[in-house]
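Colleague: Structure for the following, please:
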Amino acid sequence: MSQSLARALDVLDLVSRGTATLDALADQVGVHKSTVLRLLQTLEQRGFVGRDSGHRYHLGPAVFALAESALDTRDVRTAASPALRSLAAETGQTVHLATYQDGVVTYIDKVESRQPLRMYSRVGLPAALHATAVGKVLLGALDDAELDRVVSTVVFEHYTDRTISGAADLVAEVRRSADRGWAEDHEEHETFMNCVGAPVFGADGRVAAAVSVSVPNVVLPYEGVLALLPALLAATARISAELGAPARSIPLAVLPEAAHASSSTASPFPTDAGAPVSAAPKGTA
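Modeller: A predicted model of the protein is given here:
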């Protein structure tokens, strides 16, 4: 790689991380300001960086166009498909993939169960933020201010006696779910259905999607659904790895006793009772 190209990539990386001034960029790259200025001028001409009125640099539209092109080439749904179908085959239950944008969680893929009694949902429809496992998982990726803003817009429709009915309770459950690495819908959307959900991480280390397993309670009791968590987390780890997620960015998931009891030697996670279970992608996952 040529020295100029290497420096230009270093500059672009620094700008993406918030280094915004010429002086700071020159200091970080370790070259004279005139050299960095020439690189910035070329990047700006090609649309990879831009400047505000205070001469502070930021990423330009060409970077986002490249990112969008990359996502179109390898989107979450495509990357997740094999793991979703494997998870559905392993558990025999309904599996969903959902994403979040602008306060709306949407199902983007679904694999039906082998059971005659199934969860009502369709690809392309929104999921209830306050009453679904995927909704809680994806809300858990928001910072405190954005979470409060989004939750303030939720219409707390009362689906069952277990449905969360207020903003404070929803925020508390979302944060609890984020802390332990998975979420649940314990008969909150439908009285006969339990779900567990977990996050999928993208190449930037952020939550890109959520996967859930939904089971009628006549097929498995609530504790039996919790026992599916190792399989769910193995699937989300595989999808995260496929998307290029850095393993160190993925937090540990703390499993309930029912899930530890169900872990087999084939599981990619540690099985020490009571220990946190890593959802980070493994090389063999």
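Colleague: how about the residue nearest the centre of the chain, what does it touch?
Modeller: Nearest residue to the geometric centre of the chain (C-alpha atoms, centre = their mean): residue 207, 2.3 Å. Residue 207 makes contact with 100, 137, 138, 140, 141, 199, 200, 201, according to C-beta atoms under 8 Å, 6 or more residues apart in numbering. In this view, the C-beta of every residue, glycine as well, is placed from N, C-alpha and C.
Colleague: make it 10 Å
Modeller: For residue 207, the contacting residues are 99-100, 137-142, 178, 198-201, 240, 245, 250, by C-beta atoms under 10 Å, 6 or more residues apart in numbering.
Colleague: Bridged to it, which residues?
Modeller: Beta bridges link residue 207 to residue 201, judged by DSSP bridges.
Colleague: how near is it to residue 239?
Modeller: According to C-beta to C-beta, to the nearest Å, residue 207 stands 12 Å off from residue 239.
Colleague: Mutual contacts of those two, please.
Modeller: With C-beta under 10 Å, 6+ apart, residue 207 and residue 239 have common neighbours 198, 199, 200, 201, 245.
Colleague: Need the pLDDT of the fourth one.
Modeller: It refers to residue 201. We have a pLDDT of 94 for residue 201.
Colleague: wait, doesn't it sit right on residue 233?
Modeller: No: using C-beta atoms under 10 Å, residue 201 makes no contact with residue 233, being 12.0 Å away.
Colleague: What does the spatially closest residue to residue 98 that is not a sequence neighbour show for phi and psi?
Modeller: Once flanking residues are discounted, residue 98 sits nearest to residue 134: 3.9 Å by C-beta to C-beta, 6 or more residues apart in numbering. The phi and psi values for residue 134, taken as degrees, to the nearest 10, are phi -70, psi -40.
Colleague: so residue 134 makes contact with residue 96?
Modeller: Yes: using C-beta under 10 Å, residue 134 and residue 96 qualify as a contacting pair, with a distance of 6.1 Å.
Colleague: So for those two, which residues contact both of them?
Modeller: 107, 121, 127, 195, 197, 209, 210, 211, 212, 214.
Colleague: pLDDT averaged over the host helix or strand of the first one - what is it?
Modeller: Assigning secondary structure by DSSP states H and E places residue 107 in strand 104-111. Averaging pLDDT along strand 104-111 gives 90.
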